[in-house]
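Colleague: Dropping a prediction and its sequence here:
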Amino acid sequence: MNLARKRPKGSAKTGSHKKGAPNKTTLALKDAILEAAKRAGDKLGPDGMVSYLLQIAETDIRTFVPLLGRHTVEGGDKSINVNAGFTWGPVQEPEFK
């Protein structure tokens, strides 16, 4: 037995936020995460969140590399130098013969 109510065809959608409106909970969580990273970084060095991310890059590379993949521009030829003894450059596609 399906108890879901369906609205009549052609009627306006009601009871939700507008399409494209940001979720308030998600924004609040993002702000809290950024603030926590800044405060943790302030304890590590003068650069706040950069100090925190640098520590992650140096101590937990498995956490840091996915951040680079998700939050960097794709398709550029810029390399990223973390000053931790390693440098990432642009990814080169393998050639198959």
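Modeller: Happy to help now that I have it. Values in this document were obtained by computation on a predicted structure and should not be read as measured data.

Colleague: Tell me the spacing between the closest residue to Phe64 other than its chain neighbours and Gly20.
Modeller: Distance criterion CB to CB, 6 or more residues apart in numbering; nearest residue to Phe64, sequence neighbours excluded, is Ala57 at 4.5 Å. All C-beta atoms are positioned from the backbone trio N, CA, C, and that covers glycine. From Ala57 over to Gly20 the distance is 34 Å, taken as CB to CB, to the nearest Å.

Colleague: Of the two, which one has the most company?
Modeller: Between Ala57 and Gly20, Ala57 has the larger neighbour count (other CB atoms under 10 Å), namely 21 against 5.

Colleague: before we move on, which element is the more buried one in?
Modeller: helix 49-59 (DSSP states H and E).

Colleague: So what's the model's average confidence on the helix or strand following that helix?
Modeller: Next helix or strand after helix 49-59 toward the C-terminus (DSSP H and E): helix 61-71. Taken as a whole, helix 61-71 has an average pLDDT of 82.

Colleague: Stretch 45-54 too?
Modeller: Stretch 45-54 comes out with an average pLDDT of 89.

Colleague: what about it, start to end distance?
Modeller: One end of stretch 45-54 sits 10 Å from the other (CA to CA, to the nearest Å).

Colleague: list the buried ones in it?
Modeller: Within stretch 45-54, the residues that qualify as buried are 48-49, 51-54, counting by 16 or more other CB atoms under 10 Å.

Colleague: Could you dump those residues into a markdown table and include distance to Asp31?
Modeller: As requested, the buried residues of stretch 45-54 are exported to a markdown table (distance: CB to CB, whole Å):
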| residue | distance to Asp31 |
| --- | --- |
| Gly48 | 15 |
| Met49 | 13 |
| Ser51 | 19 |
| Tyr52 | 16 |
| Leu53 | 17 |
| Leu54 | 22 |
